[in-house]
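Colleague: Only the shape, not the letters, is given here:
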Ligand SMILES: Nc1ncnc2c1ncn2[C@@H]1O[C@H](COP(=O)(O)OP(=O)(O)OP(=O)(O)O)[C@@H](O)[C@H]1O
Ligand SMILES: [Mg+2]
C-alpha cells in the first residue's frame, strides 16, 4: 500500500465507504452508509446524538469492538478494513477522539515521540532523537498555543476538556495524516480555543490531505469551511449538501430531514 | 501436614527441633539467658503447631506444603562469607548506608555505613547481641501480630538490621538493608529491629535478592517501633530467586501522632508471603501502605495487611496493585480494624488487579471490622484486564499492540512506584519495572 501521496494515481479518492453496516453488541448502528472523500476536501458530518457518527469514525480508525457486517471501505484504493489500527495510523489515517483517553504514568511527550517514530519507521525514515523531536514539537505547540508543561504530564491526565482537544490536534499536527477524522474536536472548547484549534486544523489543509469533521455546531464550520456537509441519521447518510446545509440545520434542526427522508422512503415503496 | 508433624514428633524427633538442638549453642547471643529462653519457647510453639495448612483462614489460598519437602540447610557450618558483587543491587545516587547480609549473615566487608550523627545506632543484630543484648530484649519479647513463621524466625534468628534513633534524631540518609542469598538450599531468618524514639525520622529499604541462588528459603521478621511524633518509611523490595520461598512479617507499633509509610514491592520468588501489620497504640497516628506485586510464570504472591485502629483520630490509607501474567496466582487480604475507642478514624483500603492472561488468578479480600460509630471508612477491590479503549487509543497512534499493552501495564503499576519518596530509588524501580515488560527498550523514556 502506498504510504505517501506521490505514488497515488491522480484522481483516486482518498476514502470510499460503500454500503457500510456496523454492529456493536448485536445492535445495528450503521445500516448501509455511503461516503466518498477526495484529496483536498473537507467533509462535515452532522446528525443527532446516537446516530452513529463516532461509530463511523472509530470503525474507520479500526476499533475492534465494532463489527462490520456489510459493505466495504477503500482508502487510497486499498481495503482499509483489512488493516489493524496501528497500520492505518502508519498509512496516514488519524482519528481525533471525541473522548481522548487518560493514561496515567505515561508522559505525553513519550506517547507523541513513540507515535511519530512508529510512523517514521514505517516510512523507512530515520527516527527522531530527543532533541530533534523537542524542536519539532515546540514549533507545533506554538501554533496551538499550548503550554509546554502539558508535554511532561501524563497523557491527558487531569487535562481540561479544551487541553485534551488541543492535544489531539497536536498529535495530528505531528503525524501529518493523509486522512484526518476529527470527532467533535470543537466540543468543550471556549471561543478563543476554538479559533486556535481551527487555525491548527486549517494549517493542515492541503490538496493532498482530506478531512472528515464530526460536529454538532456551525461555529467550527465558520472557521474550517467544509466543501460538503452530510447528515447521518438512522445509520445512513440521509442528506448531503454544501456548506449552506450546515446553516440550514442550525436554523431548522433535524426534524425536517427526518420528514423528508420518511417521504422519500414512502415514495420509493410505491 | 499438621498431622504429619504431630505424628513425626511421637516417633522421631521433629527435624526442626533436631536442627535447633544442633545449632542453638552456636547462635549469636546463645549465652544470654532471656534470649535462650525466648528461642526455646518459640521453637516449642512452632513444633507444637507445625507449618500452617490451607485449612487455616490466613493460609487458605497459599499452600506452603512444598516448603516442608525442601532440603534446606539450617545454620551453615562455614563462617566464610562467599564473595559476591553487590553493586548490581545498589541504587546510584541514593547515598544510603548500605548494610549487607550474605546468606543470612552480616558482611562488614560488603557494607558501607557512613558517618552517623549522635543518637543514631546502626549495627547488625548479631553485633548487638554480642555487645549489648539488652537493647534487643523488649523487641524480641514482643509477639504482637506474630505468626507461626515469626516463631520459627524467633527460634533461629541470628542476624539482621538494628537501627535505633534517639529522640529527635533525623537520619539524613536512607538505610539500605540488602539481603543477598548466594547458595541454593540456604535458609535465612533475618530479624530486623527498628526503633525510633519520639520525633525521630528515618527511611529504611529492606531488599531481598539472589546472587546466583534459585532455590532457598528466606523467613524475615521486621519489627518497627515508632515513637510519639516519629516517622518511619519502609520500602520492602522482594526480588528473590526464581524458585525461592520468601516469607516476611513486618510488625509495626505506632505511638501518639506517629507516621508510618510503607511500600511493598514483590517481583521475585516462586512463593512469597508478606504480612504487614501496624497497630495504632495511641491517638492521631497515620499509616500509608502501598504495594505492588508483578508476577508471571507459576509464581505465587500473597500479601496480608492489617491496620489496627485501636485509638481515636487515626488515618490510614492502603493501596495495593497487582499485575499477574501467565499462570501466576495472587492473594491479597487487607484488614482494617476500628476498635470501639477509635472515634474519628479515617481509613481507606483499595486493591486493584490486572490479569494479563486467562490462567492468572487473584483472590482478593478487603476486610473492614468497625466497632466505633464516628468513623470514615471505605474499601474496594477490582480485578480486570487492560482497558480496551486505552489500547485502541494507543494503537490509533501507530503504536504496536505489544508495546501498547506494556505501556498500559506500566501505567497501572506506576501508580504505586510513584509513591516511593526517594527519587533515585523510584527511578531504579521504574527501570526494574520496565525491564520486566516486553518491548522494554521501546519504553525507556516513558515517564
Ligand atoms: N460499545 C457499545 N455498546 C453498546 N452500544 C453502543 C456502544 N457504542 C456505541 N453504542 C451505541 O451506538 C449508538 C451510536 O453511538 P455513537 O457514539 O456512534 O453516536 P454519535 O452519533 O457519535 O452520538 P453523539 O453525537 O452523542 O456523539 C448509540 O446508541 C450508542 O449508545
Ligand atoms: Mg459521538
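Modeller: Perfect, thanks for sending it. Values in this document were obtained by computation on a predicted structure and should not be read as measured data. Ligands and ions are numbered 1, 2, ... in the order given.
Colleague: what are the phi and psi angles of the residue in chain B that chain A sits nearest to?
Modeller: Closest residue of chain B to chain A, C-beta to the nearest C-beta: residue B:414 (3.3 Å). Heads up, the C-betas are built off the backbone N, CA and C, glycines and all. Note on residue B:414: backbone dihedrals following degrees, to the nearest 10 are phi -60, psi -30.
Colleague: Spatially nearest residue to it, not counting backbone neighbours?
Modeller: residue A:105 (3.3 Å; C-beta to C-beta, 6 or more residues apart in numbering or on different chains).
Colleague: Got the phi and psi for the closest residue to ligand 2 within the stretch 1-150 of chain B?
Modeller: Closest residue of the stretch 1-150 of chain B to ligand 2, C-beta to the ion: residue B:61 (44.1 Å). Dihedral angles of residue B:61 (phi, psi; degrees, to the nearest 10) stand at phi -100, psi 0.
Colleague: and it, what does it touch?
Modeller: Contacts for residue B:61 (C-beta atoms under 8 Å, 6 or more residues apart in numbering or on different chains) come out as B:54, B:302, B:329, B:331, B:363.
Colleague: Return a ChimeraX selection command for the buried portion of those residues.
Modeller: Remark: buried members of the contacts of residue B:61, expressed as a ChimeraX selection using 16 or more other C-beta atoms under 10 Å in any protein chain shown:
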select /B:302,329,331
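Colleague: quick one: which of the contacts of residue B:61 is nearest to residue B:402?
Modeller: Nearest to residue B:402, judged by C-beta to C-beta, of the contacts of residue B:61 is residue B:329 at 24.0 Å.
Colleague: remind me which residues of the stretch 301-447 of chain B are low pLDDT?
Modeller: B:439-442, B:444-447 (pLDDT under 70).
Colleague: So out of everything in it, what residue is nearest ligand 2?
Modeller: For the stretch 301-447 of chain B, C-beta to the ion, closest residue to ligand 2: residue B:389, 13.6 Å.
Colleague: Kindly report the same for the stretch 51-200 of chain A.
Modeller: Closest point on the stretch 51-200 of chain A to ligand 2, by C-beta to the ion, is residue A:54, at 3.1 Å.
Colleague: That residue belongs to a helix?
Modeller: Yes. Assessed by DSSP: H, G, I helix; E, B strand; the rest coil, residue A:54 belongs to a helix.
Colleague: Report pLDDT for it.
Modeller: Residue A:54 is assigned a predicted lDDT (pLDDT) of 96.
Colleague: just to revisit the earlier point, give the contact list for the residue of chain B closest to chain A.
Modeller: A:104, A:105, B:430, B:433, B:447.
Colleague: residues in the stretch 51-200 of chain A within reach of ligand 1, list them.
Modeller: For the stretch 51-200 of chain A, the residues in contact with ligand 1 (C-beta under 6 Å from any ligand atom) are A:51, A:52, A:53, A:54, A:55, A:65, A:98.
Colleague: Would you format those residues as a markdown table with distance to residue B:374 and neighbour count included?
Modeller: Shown next, in a markdown table, are these (distance: C-beta to C-beta, whole Å; neighbours: other C-beta atoms under 10 Å in any protein chain shown):
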| residue | distance to residue B:374 | neighbour count |
| --- | --- | --- |
| A:51 | 52 | 21 |
| A:52 | 52 | 25 |
| A:53 | 51 | 24 |
| A:54 | 47 | 20 |
| A:55 | 50 | 22 |
| A:65 | 46 | 12 |
| A:98 | 45 | 18 |
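Colleague: closest to residue B:407 among those residues?
Modeller: Out of these, the member with the shortest distance to residue B:407 (by C-beta to C-beta) is residue A:65, at 19.4 Å.
Colleague: which residue ranges form the strands in the stretch 151-270 of chain A?
Modeller: For the stretch 151-270 of chain A, the strands defined by DSSP state E, counting those that start in this stretch occupy A:154-155, A:179-183, A:210-214, A:228-233, A:236-241.
Colleague: Relative to residue B:98, which of those is closest?
Modeller: The minimum distance between residue B:98 and these falls on strand A:154-155, with 33.1 Å, by C-beta to C-beta.
Colleague: Give me the sheet partners of the closest one and which way each runs.
Modeller: As defined by DSSP bridges, the strand partners of strand A:154-155 come to strand A:103-107 (antiparallel).
Colleague: could you give the mean pLDDT of the strand it pairs with?
Modeller: 86.
Colleague: what's the next secondary structure element after that strand?
Modeller: Next helix or strand after strand A:103-107 toward the C-terminus (DSSP states H and E): helix A:108-122.
Colleague: what comes up buried for the helix or strand residue B:232 falls within?
Modeller: Using DSSP H and E, residue B:232 maps to strand B:231-239. Using 16+ other C-beta under 10 Å as the test for burial, strand B:231-239 gives B:231, B:232, B:233, B:234, B:235, B:236, B:237, B:238, B:239.
Colleague: Now do it: which elements does it pack against?
Modeller: Applying 3 or more C-beta pairs under 8 Å, 6 or more residues apart in numbering or on different chains; DSSP states H and E, one finds that strand B:231-239 makes contact with strand B:191-196, strand B:201-210, strand B:217-226, strand B:245-254, strand B:259-266, strand B:271-280, helix B:423-435.
Colleague: Mind putting the ones you listed into JSON lines with mean neighbour count and distance to residue B:286?
Modeller: Formatted as JSON lines, the helices and strands packed on strand B:231-239 follow (neighbours: other C-beta atoms under 10 Å in any protein chain shown; distance: least, C-beta to C-beta, whole Å):
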{"stretch": "strand B:191-196", "mean neighbour count": "25", "distance to residue B:286": "14"}
{"stretch": "strand B:201-210", "mean neighbour count": "23", "distance to residue B:286": "13"}
{"stretch": "strand B:217-226", "mean neighbour count": "25", "distance to residue B:286": "10"}
{"stretch": "strand B:245-254", "mean neighbour count": "25", "distance to residue B:286": "8"}
{"stretch": "strand B:259-266", "mean neighbour count": "23", "distance to residue B:286": "5"}
{"stretch": "strand B:271-280", "mean neighbour count": "24", "distance to residue B:286": "9"}
{"stretch": "helix B:423-435", "mean neighbour count": "18", "distance to residue B:286": "21"}
